[in-house]
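J.: Sequence below, structure please.
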Amino acid sequence: MSIKSDKWIQRMAVEQGMIEPFEPRQVKEANGEKLISYGTSSYGYDVRCSDEFKVFTNVYSAIVDPKNFDPNSFVDIKADHIIIPPNSFCLARTVEYFRIPRNVLTICLGKSTYARCFASDTKVALSNGRSLTLEELAEFFDKGQVFSGYALDSNNNQVVSQLDYPRFIGRDSLLEITLDNGKTIRCTPDHKFAKWDGLMVEAHLLRKGDLLAGLNRSTSFTQSISPLILASHFSKRMFKETTTTQSTERLLKNSRKILSVREIAGIHNVYCLSVPSYGNFALEAGVFVSNCGIIVNVTPFEPEWEGYVTLEFSNTTPLPAKIYANEGVAQVLFFEADENDVCEVSYKDRGGKYQGQHGVTIPKL
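T.: Below you'll find the predicted structure:
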């Protein structure tokens, strides 16, 4: 099978109605306002989320059972955006209606704008003293291995934390951040870093000389940066004249200074992972970063399936997360079978129960 380009996507949308409504180019703004992009990309199509949502609620203590979905599990909402509670999820559907050809299979990936990602070779600090790249973590995780690393808790203490669901997100543009320890980090512009005062700041807002909260891999070290929050309200001169606590001295010793921030040419494979308990993790480069924010789960579109796509958004962070209607949320990749290898039985042939679905569709048996 081969992945299909923008030319093929445009031709199939026009000639066979494969995607309706269809946008032949990437749309990044409307009426002077920036949008999360949607439309045709080089080798895929970025779909939009409609304004129909089903948000999970535990008010009635309902169990999420895929064999028997309780209507009380969800609240129906129609709005231009939705707030997903921490560690919760919601269902939605695409604006676009798809008609998949018999010789085509698609894979749908979440957009890095919601996920916030790193280059595939970015190394993560593990609590056993090792460091593995995100790509390696994803491969081992798929084989059943589990990992733990480091995070900052709500009081900005360094703790050991479980690292969940490392995965490939998609392809995106990257920034390169160089630190004073010689390490470089390549990430999407919206990825957040923990600064020395505990605040999270997006990568594109970081500047030369900024101090980032540093990792100490000593087994006896528990890092607390809360004293610096108070110190930040004073001038640098006053701060120098203030007697620092041992924990503050440790933090300053381990903080990392940014030497440069620059854009990298091209589009690159990006990965991320989740830390549900804390919402951040430590890189081998010695700094703390936010974890993947929103996970978009979508089953593959099978040959000759058609309908609106039901989307599942999982908020893996400890904070509320916002999803925007009528803006990009996921990227669809199209793979075409060889001419002599077209499937014998398509989704339509076997009478799939989700054929021609409209609206947000919950699981069926």
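J.: got the residue ranges for the helices in this structure?
T.: With DSSP state H as the criterion, the chain has helices at 6-16, 112-115, 134-142, 226-231, 236-241, 246-254.
J.: Just the residues contacting the first one, thanks.
T.: So the one you mean is helix 6-16. Applying Cβ atoms under 8 Å, 6 or more residues apart in numbering, the contact partners of helix 6-16 are 18-20, 22, 24, 40-45, 99, 101, 334, 336. (Each C-beta comes from the backbone N, C-alpha and C, glycine too.)
J.: mind listing what's buried in stretch 198-212?
T.: Buried residues in stretch 198-212, counting neighbours by 16 or more other Cβ atoms under 10 Å, are found at 198, 200, 201, 202, 203, 206, 210, 211, 212.
J.: hey, what's the second one bridged with?
T.: With DSSP bridges applied, residue 200 shows beta-bridge pairing to residue 194.
J.: That one touches residue 193, doesn't it?
T.: Yes - checked against Cβ atoms under 8 Å, the pair residue 200 and residue 193 is within contact range at 6.9 Å.
J.: Now list whatever residues contact both of the two.
T.: Contacts common to residue 200 and residue 193, judged by Cβ under 8 Å, 6+ apart, are residue 290.
J.: residue ranges with poor pLDDT in the stretch 251-365 of the chain?
T.: Within the stretch 251-365 of the chain, the segments meeting pLDDT under 70 span 251-253, 293.
J.: any chance you could map the strands in it?
T.: Counting by DSSP state E, counting those that start in this stretch, the stretch 251-365 of the chain has strands at residues 256-274, 280-282, 288-290, 294-297, 306-315, 321-324, 328-336.
J.: Sheet-wise, list the partners of the longest one with their directions.
T.: In this case it means strand 256-274. Partners of strand 256-274 in the sheet, by DSSP bridges, are strand 118-119 (antiparallel), strand 158-179 (antiparallel), strand 211-212 (antiparallel).
J.: Domain ranges for this protein, per the record?
T.: If you go by the TED database, the domain ranges for the chain are 2-59+85-111+296-350, 118-216+246-289.
J.: Could you work out which of the ones you listed reaches nearest to residue 68?
T.: Residue 68 lies closest to domain 2-59+85-111+296-350 among those, at 15.3 Å (Cβ to Cβ).
J.: Make JSON lines from the strands of the stretch 251-365 of the chain and add mean neighbour count and distance to residue 85 to it.
T.: Shown next, in JSON lines, are these (neighbours: other Cβ atoms under 10 Å; distance: least, Cβ to Cβ, whole Å):
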{"stretch": "strand 256-274", "mean neighbour count": "17", "distance to residue 85": "16"}
{"stretch": "strand 280-282", "mean neighbour count": "25", "distance to residue 85": "19"}
{"stretch": "strand 288-290", "mean neighbour count": "25", "distance to residue 85": "18"}
{"stretch": "strand 294-297", "mean neighbour count": "20", "distance to residue 85": "13"}
{"stretch": "strand 306-315", "mean neighbour count": "22", "distance to residue 85": "7"}
{"stretch": "strand 321-324", "mean neighbour count": "18", "distance to residue 85": "8"}
{"stretch": "strand 328-336", "mean neighbour count": "22", "distance to residue 85": "18"}
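J.: Tell me which of those approaches residue 148 most closely.
T.: strand 280-282 (9.9 Å).
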